[in-house]
Each structure stands twice: as structure tokens, then as C-alpha cells.
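Visitor: Here's a sequence, model it:
(one chain, ligands or ions: 2)
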Amino acid sequence: MSGYILAIDQGTTSSRAIVFDKDMKVVAIGQKEFAQHYPASGWVEHDPEEIWSTVVWSVETAIKKAGLSAGDIAAIGITNQRETVVVWDRKTGKAVHNTIVWQDRRTAEMCLELKDRGLEPIFTAKTGLLLDPYFSGTKIAWILKNVEGAAGRADGGELLAGTIDSFLIWRLTGGKVHATDATNASRTLVYNIERNEWDEELLGILGIPAAMLPQVKDCADDFGLTDEALFGGPIPILGVAGDQQAATIGQACFEPGMMKSTYGTGCFALLNTGDKLVRSQNRLLGTIAYRLDGKTTYALEGSIFIAGAAVQWLRDGLKVIDKAGQSGELAAQADETQDVYLVPAFVGLGAPHWDANARGAIFGLTRNTGPAEFARAALEAVAYQTHDLLMAMHGDWKAASSATVLRVDGGMVASDWTMQRLADLLDAPVDRPTILETTALGAAWLAGSRAGVWPGQATFAKSWALDRRFEPAMDSALRERKLAGWQDAVRRTLSA
Ligand SMILES: Nc1ncnc2c1ncn2[C@@H]1O[C@H](COP(=O)(O)OP(=O)(O)O)[C@@H](O)[C@H]1O
Ligand SMILES: O=P(O)(O)OC[C@H](O)CO
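Guide: Numbers count the residues shown, from 1 in each chain. Ligands and ions are numbered 1, 2, ... in the order given. The predicted model follows:
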């Protein structure tokens, strides 16, 4: 037995490993959740050792469940929560601080100072991004500034930095390879996405030594061999992409104008813009969709920080449901005459508002409001925010007309109620594929095609299959009223 591909999907709330066979079918999954740490308001951290141990556990479990051994795995593909940073000691492999997660807002002040110095246009011109605490650069700068001795040790070459993929590659290869891929690099705020290189000027502004950073490779490339001692034999790592880009690949959005939206902890819509970097006029991001054989394909991205996380809040905070899967059922019981809006700015608002200081708010409560209306408001917030992103995208990219079909994936799309509401509020069809593990599939395709086990791009694209299309069915007057109510709620939530 051989020719299996293993995808590691290191997400915000859990680590997953999935074994695929040579026909691209899922054979076995290992998955483990890990703790979220909130040390201060707006701060979010993970323990890097827990990230590492859950990844190793997931890989071992998936291989064991599949009845395989390391020698049967032709290649590993890695995909990961993006922007989240780790700074670690080159000798010991130990992190000097918890990971600072993409949702973390602690560098809001730092971003404001940089903006006040008039530096945002330089960052945007070179990276396609904005000066928001979301991105990795200011998080690395924060660690260097706030961990005792870190800046000096970084200057002396003792410390390495990177996104989660690079930390995993370092650990998996037994400290032999410090590398990342172009998509992860494109989220750091210090990578020039047109020249495809770390940017000395931006690194200088943030005080990050270039020597700390990983080598940037194509998404399908040679990222080294796993240490033999880990899984009972060496396995080549041949694919890497940030999770939203991996989902774009897994959804086969290879043509300009194709778009996917992933509903996990947050929601991220990526529109393929081909070999052209589109400069957004609507505060969307320009980013790298993938880089294959040295050729860069770009995307326009809309990033929403809270999607499924609002469902977790219903479950863990409000305790109105026991399981995420109950949210749609509860929302369906809500009273349609109550206009209750939740603006889930728990960690500020992302695109197109980029308001790091906004915090969540609820509007329209009456004495009749109960759990069902809260559940509906949480799920509808995801649809409203997607609507705002698509409006912004339409402004930047005329081809993204209402004719464009949205391909969706992520944990939330299991909810039929939410997907129907999404189609209703977008007034556009929503396509859910048969394979919902599109993020892992994208990473597996990068590794599998590089290993020569899986087909090339065109054949892979043809294998995409529809599970269900959700057609819009909401009365247009109701839709308009609801959208106007949402816009009003957002306006009242913004911090300035
Ligand atoms: N049936 C469901 N209905 C609504 N939300 C769901 C459902 N199942 C899972 N979720 C939400 O989806 C998210 C998990 O999705 P996943 O794609 O695994 O996220 P991540 O990669 O960010 O960890 C959780 O926030 C969870 O609350
Ligand atoms: O872990 P996810 O799936 O919520 O994805 C997180 C994103 O990569 C953040 O940019």
C-alpha cells in the first residue's frame, strides 16, 4: 500500500489530520481541539506546545485509523490558521511566548501610531494589506518588544519567527528546515507580494531582523522530510498554503472571477483575480491566492473575524444550545416580526470597516426576545457580513457580478438554515460541495500533485462536485428592510 496523501489542517480551534487515498477520497481523520487563552480584553493566544502536541496526535491517529504506516504516505500537505505568529529559539525549538492569534487586537495602538506617521500607504502598496492588528508583522514586533531579551536574541540570530506552518515545518523536520510558502508570507505585512520577497524597508520600520524569517517557497515545493523518529519513517512535506488559500484551491477556484467563502471561526471570501493584483478601493485585501511553478495568482479577500465563533458564543457564553449543530434549528423558531441584530464585533470589525476598537452589540431587543431570536441574529450576522463583502468586491472587480456563484465550505455550512439565509440575503445562489473538507483537500492536492500521485490542475478542477445549491427565496421588500436594519446596527457599533 502506498500513494496516500496526508493533510495537516492546523485551524484556530482544532488541529486535524486527514488521510486521502490516491482517488482523493477521505480515508481517516484525526482531530483534537485545544484551549483558547484570553489574557486581556481583545487578546487571543494559543499554547505552541498544545498546537504541536495536537498536530502530532492527529497525524498519528489518522495514520493508525487508516491502518497505514509512514511508508504508505507519499507526501504531507500543511495548511494553517494564517497570521498567527510564533517566535522560537533556534536551538531548543521552544517558543519564547504563546502564539499571538490572528484575532488578537493588542497591537491596535501600534497600528494607529504607524498610521499617524503616514505609513499605511507604503504598507498597502507593498503588501496589499492594511495597518490592522490582524496581520503578523506587528505581532512579531510586539513579542520582540515585550519579551525580555527577545530583541537582542533575535539580532544575534538565536530566535526564529514565522506563521504556524513554518513552526510546524521546523518541528516536523527536526529543526532542519525554516520555510514557509508565498500565501502565508503574504499575510505578514512585511512581504512584498509583487516582488515576492521580504521587504527590508517594512522590516526596518517594525524592527524585525530579516534573518528571523523563513525562506519563502512555492505552495507545491520541497519543504523537507519529517524526522524519522516522529511517525516511524520520513515523509516528504510537499505542499503548504494558508487555510483560506488552501480552501480556494480545494474549491478549484482556479479561474479569474471564481470565488469561495469559508465559514469556520471567522469567514473569509477570496475572489481569484488571476495574474493581476487588484488594488481595492473598498478596503478589501490584495493577497496571494497561490504560487505554483514560480507563477503568482492573486486574490481579492474580504475577512470577517467572527462567524462560527458567534455560534460558539451561543453555546459556551449564553449556553442557549449544547451543540453548534442546534443553532439552525433554534434560529428557525425565531419570531420573524422581531428585528433583532447582533453585530459580532467581539474582536473589532474586519473588512470593509477595519475598526479594531469596535466591540459587539445587540439591537432590537423586546420583552419577547429569547434564545431563538439570539440564535437567528448570530447566524444572520454571518450572511449580512458576507453581503457587505460581496458589495465591496463588486465595486473592485466588475466581473464579480451577481451572476457569480459563491462556493462555500467550513464548519458552519453544515447548517442548511444558515446557507438558505445566506442565499436569501445575498439574493444569489450558494453552492455547497460534496467534500466539505476543502481546506485539507487543497493542501493535499498541492502535496499529491507535486508527488505525482494526484492529477494536475484541470483534472482536479473537474472533480469538484455539487452537494446542494441554495437558491434565493426571500421576498425582496423583506430583504431590503433587513439589510437596512443591519446597516443601521453596524453604524451604531463603529467606534468612531
Ligand atoms: N451545524 C453547524 N451550524 C452552525 N455552526 C456550526 C455548525 N457546525 C460547526 N459550526 C461552527 O463552525 C466552526 C468550526 O468550523 P471549522 O471550519 O472547523 O473552524 P476552524 O477551522 O476555524 O477551527 C465553529 O465555530 C462552530 O461553532
Ligand atoms: O482557522 P480558521 O479556519 O478560522 O481560519 C483562520 C484564518 O486563516 C485567519 O486569517
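Visitor: Return the residues in contact with the closest residue to residue 330 other than its chain neighbours.
Guide: The shortest distance from residue 330 to any non-neighbouring residue, by C-beta to C-beta, 6 or more residues apart in numbering, is to residue 375 (4.0 Å). Where you see a C-beta, it was placed from the backbone N, CA and C, and this is true even at glycine. Neighbouring residues of residue 375 by C-beta atoms under 8 Å, 6 or more residues apart in numbering: 314, 320-321, 327-328, 330-331, 334.
Visitor: Tell me which of these fall in helices.
Guide: 327-328, 330-331 (DSSP state H).
Visitor: now, which of those sits nearest ligand 2?
Guide: residue 327 (16.9 Å; C-beta to the nearest ligand atom).
Visitor: In this structure the closest one contacts residue 313, no?
Guide: No. Assessed by C-beta atoms under 8 Å, residue 327 is found out of contact with residue 313, at 10.4 Å.
Visitor: Find residues that contact each of those two.
Guide: Between them, residue 327 and residue 313 share the contacting residues residue 378, judged by C-beta under 8 Å, 6+ apart.
Visitor: With neighbour numbers in mind, choose between the two.
Guide: Neighbours were tallied for residue 327 and for residue 313 using other C-beta atoms under 10 Å; the higher tally belongs to residue 327 (26 against 19).
Visitor: Could I get the full set of helices for the stretch 201-350 of the chain?
Guide: Per DSSP state H, counting those that start in this stretch, the stretch 201-350 of the chain carries helices over the ranges 228-231, 243-250, 308-312, 327-331.
Visitor: Which one of these lies nearest to ligand 2?
Guide: Comparing the helices of the stretch 201-350 of the chain by C-beta to the nearest ligand atom, helix 243-250 comes nearest, at 4.6 Å.
Visitor: For that closest one, which outside residues touch it?
Guide: 9, 11, 77, 79-82, 183, 219, 241, 260, 262, 264, 268, 270, 272, 287-290, 299, 301, 409-410, 435, 437-443, 445-446.
Visitor: and the longest strand out of those in the chain, how far out from the chain's middle?
Guide: Scanning the chain for the longest strand, with DSSP state E as the assignment, gives strand 295-304. On the basis of C-alpha atoms, centre = their mean, to the nearest Å, strand 295-304 sits 12 Å off its chain's mean C-alpha point.
Visitor: ditto for stretch 143-158
Guide: 28 Å.
Visitor: try stretch 443-453
Guide: 21 Å.
Visitor: Contact residues of this structure facing ligand 1?
Guide: Contact residues, the chain versus ligand 1 (C-beta under 6 Å from any ligand atom): 11-14, 264-265, 308-309, 311-312, 324-325, 327-328, 410-412, 414-415, 418.
Visitor: and these, which are buried?
Guide: Buried residues within these, counting neighbours by 16 or more other C-beta atoms under 10 Å: 11-14, 264-265, 308-309, 311-312, 324, 327-328, 410-412, 415, 418.
Visitor: filter those down to the ones near ligand 2?
Guide: 11-12, 264-265.
Visitor: In which helix or strand does the residue nearest to residue 330 reside?
Guide: Taking DSSP states H and E as the definition, residue 375 sits inside helix 371-396.
Visitor: That helix and ligand 2, any residue contact?
Guide: No. Applying C-beta under 6 Å from any ligand atom, one finds helix 371-396 out of contact with ligand 2, separated by at least 12.6 Å.
Visitor: buried ones in that helix?
Guide: 371-390, 392-394, 396.
Visitor: Equivalent analysis for stretch 203-218, please.
Guide: The neighbour-count check on stretch 203-218 (16+ other C-beta under 10 Å) flags 203, 205-206, 208-209, 212-214, 216-218 as buried.
Visitor: How far does that stretch stretch from one end to the other?
Guide: Terminal residues of stretch 203-218 are spaced 22 Å apart (C-alpha to C-alpha, to the nearest Å).
Visitor: hmm, who's touching it?
Guide: Contacts of stretch 203-218 (C-beta under 8 Å, 6+ apart): 87, 114, 119, 122, 137-138, 140-141, 144-145, 151, 154-155, 157, 159-162, 166, 169, 178-182, 185, 189-191, 196-198, 200, 223, 240, 291-294.
Visitor: now the stretch 351-496 of the chain, which segments are flagged as low pLDDT?
Guide: For the stretch 351-496 of the chain, the stretches flagged by pLDDT under 70 are 399-404.
Visitor: got the residue ranges for the strands in it?
Guide: 361-363, 406-409, 430-433, 466-470 (DSSP state E, counting those that start in this stretch).
Visitor: for the stretch 101-250 of the chain, same thing?
Guide: Using DSSP E, counting those that start in this stretch, strands in the stretch 101-250 of the chain cover 159-163, 179-181, 191-192, 197-198, 215-217, 237-242.
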